[in-house]
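In: quick one: sequence plus predicted model below, questions after.
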Amino acid sequence: MRQCCAACPTNRRAYVMCVLEALHRALRRRDIFLTGSRRWADPRARLLAGAEWAATQPRVLAALQLNDEADVHLDKIAERLDTAYLDLAKRVGGDGSVLKTEEDSEGV
């Protein structure tokens, strides 16, 4: 029997526990999926595709208030995130603490 971890060199019960723990970690990370399960199933399996998605897409985008193509929308979000990151980087002190600005004090 192959050793799965230092705690279980050849102990069958320990080996089984190691396998079950590894299985559970993989399920939580969504590395593996269980067919027929609601909780552990592949979430992409229930997505609409093809003609179904084409028929539903305008209503979904309207409900989410999205007018732009996905690339344009993601570019806008990336720009906002980059601006926020650069603003925070300017406010970080030499010791790693975040410096407060007058704008921060007004919101309190």
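Out: Everything's here; your move.

In: what about residue 27, distance to residue 60?
Out: 28 Å (Cβ to Cβ, to the nearest Å). The C-beta positions use only the backbone N, C-alpha and C, and glycine is treated the same way.

In: more neighbours: these two, which one.
Out: For residue 27 and residue 60, the more surrounded residue by other Cβ atoms under 10 Å is residue 27, and the numbers stand at 15 against 11.

In: contacts only, for the more buried one.
Out: By Cβ atoms under 8 Å, 6 or more residues apart in numbering, the contact set of residue 27 is 33, 34, 40.

In: so which of those comes closest to residue 56?
Out: residue 33 (23.9 Å; Cβ to Cβ).

In: do you know how far the closest residue to the closest one other than its chain neighbours is from residue 27?
Out: Nearest residue to residue 33, sequence neighbours excluded (Cβ to Cβ, 6 or more residues apart in numbering): residue 42, at 4.1 Å. Residue 42 sits 11 Å away from residue 27, going by Cβ to Cβ.

In: can you check residue 69 too?
Out: 34 Å.

In: low pLDDT regions in the chain?
Out: Counting by pLDDT under 70, the chain has low-confidence residues at 1-10, 94, 96, 99-108.

In: which stretches of it form helices?
Out: For the chain, the helices defined by DSSP state H occupy 12-28, 50-63, 70-91, 102-106.

In: what about the residue nearest to residue 35 when sequence neighbours are not counted, neighbour count?
Out: Spatial nearest neighbour of residue 35, chain neighbours left out: residue 41 (6.8 Å); criterion: Cβ to Cβ, 6+ apart. By other Cβ under 10 Å, 13 other residues sit near residue 41.

In: from residue 44, how far off is the spatially most central residue of the chain?
Out: Centroid check for the chain by Cα atoms, centre = their mean gives residue 29 as the closest residue, at 9.6 Å. Separation of residue 29 from residue 44 (Cβ to Cβ) stands at 15 Å.

In: straight-line length of stretch 33-46, end to end?
Out: Using Cα to Cα, to the nearest Å, the end-to-end distance of stretch 33-46 comes out at 13 Å.
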